[in-house]
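Student: Sequence and predicted structure, then a few things I'm wondering about:
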Amino acid sequence: MESNFDSKVEISPSGMFLLMPNNLPSQGNRSCQFRPFGVLEPLCAKAARRDIAKALPLICEIASVKYKLKELDKEYNKLKKSLVLVT
């Protein structure tokens, strides 16, 4: 199973991290791929390539959740300070 790494991470105005396909024209089978072992690539290297392709969407989701939590924390602290000023 070959993985396609022609993707990029974009950040929306709302702070969401999105995995977007790269719009550069592909060169068919001659696309630039890092293959240090050539044809004799070990199975563990193939598995690592496949696993990183699966992990990228999860990484984007985690980054989005972390960003949202930071925004909520800022809002919470702002409201907490305003509450202290009122009392």
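Tutor: Noted; the coordinates are in hand.

Student: Show me how far the helix or strand residue 52 falls within is from its chain's centre.
Tutor: Element membership for residue 52 (DSSP states H and E) is helix 43-86. On the basis of CA atoms, centre = their mean, to the nearest Å, helix 43-86 sits 10 Å off its chain's mean C-alpha point.

Student: could you say what helices and strands that helix packs with?
Tutor: In terms of contacts (3 or more CB pairs under 8 Å, 6 or more residues apart in numbering; DSSP states H and E), helix 43-86 is packed against strand 7-11, strand 17-21. For glycine as for every other residue, the C-beta is placed from the backbone atoms N, C-alpha and C.

Student: can you list the ones you listed in a markdown table and add mean pLDDT and mean neighbour count?
Tutor: Below are the helices and strands packed on helix 43-86 laid out as a markdown table (pLDDT from 0 to 100; neighbours: other CB atoms under 10 Å):
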| stretch | mean pLDDT | mean neighbour count |
| --- | --- | --- |
| strand 7-11 | 83 | 13 |
| strand 17-21 | 83 | 13 |
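
Student: To residue 38, which of those lies closest?
Tutor: Proximity to residue 38 (CB to CB) singles out strand 7-11 among the helices and strands packed on helix 43-86, at 23.9 Å.

Student: would you list the helices and strands packed on helix 43-86 in TSV and tack on distance to residue 62?
Tutor: Output for the helices and strands packed on helix 43-86, formatted as TSV (distance: least, CB to CB, whole Å):
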stretch	distance to residue 62
strand 7-11	12
strand 17-21	8
